[in-house]
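Asks: Predicted model and sequence below, questions to follow.
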Amino acid sequence: MPSEEYVELVLSAVERIPPGKVMAYGDVAEYVGQGGPRQVGWVMAHHGGAVPWWRVVRADGRPHDKAGEAVRRLRSEGVPFRDPDGERVDMRAARWMPDLSRPR
DNA sequence: AGCCTGACAGATA
DNA sequence: GTATCTGCCAGGC
């Protein structure tokens, strides 16, 4: 079980993702500098309700909630999809990383 | 220790 | 394009 501090790091990173953009689990892990994609997944599974969880997707662009609420929200934010079905986000265009030079 | 599981990722076939 | 496998990190049994 990750420390509370780790949980906070992950959640704060997710909170910074602007509408219309997304981050992969691995991206979040890289940003917080510890753990891995699966740890981020753990955090989201247990504390995701408090943050814009739908902006965290798999590296291949598939949202966790396939064809469900995530896709609906992402579409309404203008996130580009590779296919009309909304199966996969266009990561090339929608991928985002926090501005390291301007933390907080 | 050994094996299994998971909101994952990358490589390979 | 899909399907599998292996690696990854942390935890549960």
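Replies: Received, thanks. Numbers count the residues shown, from 1 in each chain, chains lettered A, B, ... in the order given.
Asks: For the closest residue to DNA strand C within chain A, which non-adjacent residue is spatially closest?
Replies: Relative to DNA strand C, the nearest point of chain A is residue A:36 (3.4 Å; Cβ to the nearest atom of the strand). All C-beta spots, glycine's among them, are computed from the backbone N, C-alpha and C. Nearest residue to residue A:36 in three dimensions, chain neighbours excluded: residue A:29, at 5.2 Å (Cβ to Cβ, 6 or more residues apart in numbering).
Asks: Compute the first-to-last residue distance for stretch A:30-38.
Replies: In stretch A:30-38, first residue to last residue: 12 Å (Cα to Cα, to the nearest Å).
Asks: related to what we said a few turns ago, hmm, the residue nearest to residue A:36 is touching residue A:40, no?
Replies: Yes. Here residue A:29 reaches residue A:40: they are 5.0 Å apart, a contact under Cβ atoms under 8 Å.
Asks: Those two: which has the busier surroundings?
Replies: Neighbour count, other Cβ atoms under 10 Å: between residue A:29 and residue A:40, residue A:40 has more, with 28 against 21.
Asks: what's near enough to touch that one?
Replies: Residue A:40 makes contact with A:10, A:25, A:26, A:28, A:29, A:32, A:56 under the criterion Cβ atoms under 8 Å, 6 or more residues apart in numbering.
Asks: Identify the residues contacting the first one.
Replies: Spelled out, that is residue A:10. Contacts of residue A:10 by Cβ under 8 Å, 6+ apart are A:28, A:32, A:39, A:40, A:43, A:44, A:47.
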